[in-house]
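Chemist: dropping a prediction and its sequence here:
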Amino acid sequence: MSVGTFDVKSELLRITPAAAEHFRRSLGGREGAAVRLSVQESGCTGFKYVVQEVQEHPSSDVELELDNGVRVYVDPEAIAFLRGTEIDYTRDNINQTLKFNNPNVVAECGCGESFNVE
């Protein structure tokens, strides 16, 4: 019998270069500013992604540093929802949005506001 290992930081999520650049621009070089990702109950399907700017590192959050120097904190309660997710920043004509490509999602509401996982 062998014991498997799980590295939260490397297996949690992937942030594309386009999304990393979007975060860098959004933070505007403010000293100590970082991005925090969490999940909150919402909508008709169950949950929504929450992306916010923070100035301090919540002590229990998992910290990731992107190649461009942006720090991303992940709420530990969101890890089960986000594991394996790719976050991308897409442009479609004049519309620009963060896109969460989450393999754990089993249902989404029609308006795209909320999702549910198994």
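Modeler: Received the coordinates, thanks.
Chemist: hey, let's count contacts and neighbours off CA atoms from now on
Modeler: Fine.
Chemist: how deep is A19 tucked in, by neighbour count?
Modeler: Neighbour count for A19, taken as other C-alpha atoms under 10 Å: 19.
Chemist: again with A34
Modeler: Neighbour count for A34, taken as other C-alpha under 10 Å: 24.
Chemist: so in this protein, where's the weakest helix or strand by average pLDDT?
Modeler: The weakest-scoring helix or strand in the chain, judged by mean pLDDT, DSSP states H and E, is helix 8-11 (a mean of 58).
Chemist: pLDDT weak spots in this structure?
Modeler: The chain contains residues with pLDDT under 70 at 1-11, 110-113.
Chemist: ok so, going back, which other helices and strands does the helix or strand that the least confident helix or strand of the chain is followed by contact?
Modeler: Past helix 8-11, further along toward the C-terminus, the next helix or strand under DSSP states H and E is strand 13-15. With contacts taken as 3 or more C-alpha pairs under 8 Å, 6 or more residues apart in numbering; DSSP states H and E, strand 13-15 sits against strand 85-92.
Chemist: what pairs with the strand it packs on, parallel or antiparallel?
Modeler: strand 13-15 (parallel), strand 95-101 (antiparallel) (DSSP bridges).
Chemist: which residue is nearest the centroid of this protein?
Modeler: Nearest residue to the geometric centre of the chain (C-alpha atoms, centre = their mean): L37, 4.7 Å.
Chemist: need the three-state assignment for it.
Modeler: Of the three states, L37 takes strand under DSSP: H, G, I helix; E, B strand; the rest coil.
Chemist: quote the end-to-end distance of stretch 36-53.
Modeler: Taking C-alpha to C-alpha, to the nearest Å, the first and last residues of stretch 36-53 lie 6 Å apart.
Chemist: tell me which residues in it are buried?
Modeler: 36-39, 45-49, 51 (16 or more other C-alpha atoms under 10 Å).
Chemist: same check on stretch 25-36?
Modeler: Along stretch 25-36, these residues count as buried under the neighbour rule (16+ other C-alpha under 10 Å): 27, 33-36.
Chemist: relative to L66, how far out is E21?
Modeler: Distance, E21 to L66, using C-alpha to C-alpha: 10 Å.
Chemist: now, among the buried residues of stretch 36-53, which is nearest to L12?
Modeler: L37 (11.8 Å; C-alpha to C-alpha).
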